[in-house]
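> 3D model of this:
(one chain, ligands or ions: 1)
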Amino acid sequence: MTGDLRELYNDMILEHAKSPRNYRALGEGSLHRDGHNPLCGDRVTVYVQLDGDVVKDVAFQGNGCAVSKASASIMTQALKGKTRAEAEELYTLFHDLLTGKLDPEADEERLGKLAAFKDVGKFPVRVKCATLAWHTLHAALHDEKKPVSTE
Ligand code: ZN
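Numbering: from 1, shown residues only. The predicted model follows:
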């Protein structure tokens, strides 16, 4: 494993971990799913309120490391107002970023704040922390009943 921890915990990640956005539960009519990353101990509940095909509101609650919290927080900001298909596209984009399949500079515009996670791929253990909320969101959108685990 290589990489400087200061690259991993950049200002954007630290700030969102400290003051997560959309940290709340959504009420009746929302989809929600629990996710667990046993490797690190991260737990997250993701709530999605759909209006037809559009993500009208998205929120989360949970406990975990800085990377998992910041990822969930930035995810909720990135998804609001997106269609389900756009949400899935972002998930793929984020996954490609973490697995080194895309160039964060070339795709900066599409990535937006998600670019803050560009160095997480250097820390394979942290990749699961960063993707937990997204896996959980995916399960909520597809109404999958089985518990979400990164293992
Ligand atoms: Zn974690």
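> For this protein, spot the helix or strand the model is least confident about on average.
helix 5-8 (a mean of 78; mean pLDDT, DSSP states H and E).
> Thought C65 was touching R43, still the case?
No. Counting by CB atoms under 8 Å, R43 does not reach C65; the two are 10.8 Å apart. All C-beta atoms are positioned from the backbone trio N, CA, C, and that covers glycine.
> intersection of neighbour lists for these two?
Residues touching both R43 and C65 by CB atoms under 8 Å, 6 or more residues apart in numbering: none at all.
> Can you list the helices and strands that the longest helix along the chain packs against?
Across the chain, the longest stretch assigned as helix under DSSP state H is helix 124-141. With contacts defined as 3 or more CB pairs under 8 Å, 6 or more residues apart in numbering; DSSP states H and E, helix 124-141 has these neighbours: strand 31-37, strand 42-51, helix 66-79, helix 84-98, strand 148-149.
> so what strands line up beside the last one?
What that stands for is strand 148-149. strand 31-37 (parallel) (DSSP bridges).
> pLDDT of the partner strand, averaged?
The average of the pLDDT scores along strand 31-37 is 96.
> So which residues make contact with that strand?
25-26, 42-50, 62, 64, 68, 128-129, 132-133, 135-137, 139-141, 143-144, 147-151.
> quick one: that strand to chain centroid distance?
12 Å (CA atoms, centre = their mean, to the nearest Å).
> Please find the angle between the direction vectors of it and strand 42-51.
Interaxial angle of strand 31-37 relative to strand 42-51 (axes from the mean of the first three to the mean of the last three CA atoms, to 10 degrees): 160 degrees.
> mind saving the C-alpha coords of strand 31-37 as CSV?
The C-alpha coordinates for strand 31-37 follow below in CSV (Å, rounded to 0.1, in the frame of the first residue of the first chain):
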residue,chain,number,x,y,z
LEU,A,31,-37.0,4.0,0.4
HIS,A,32,-34.3,3.1,2.8
ARG,A,33,-31.6,0.5,3.3
ASP,A,34,-28.9,-0.3,5.8
GLY,A,35,-25.4,-0.9,4.7
HIS,A,36,-22.4,-2.4,6.6
ASN,A,37,-18.7,-2.5,6.0
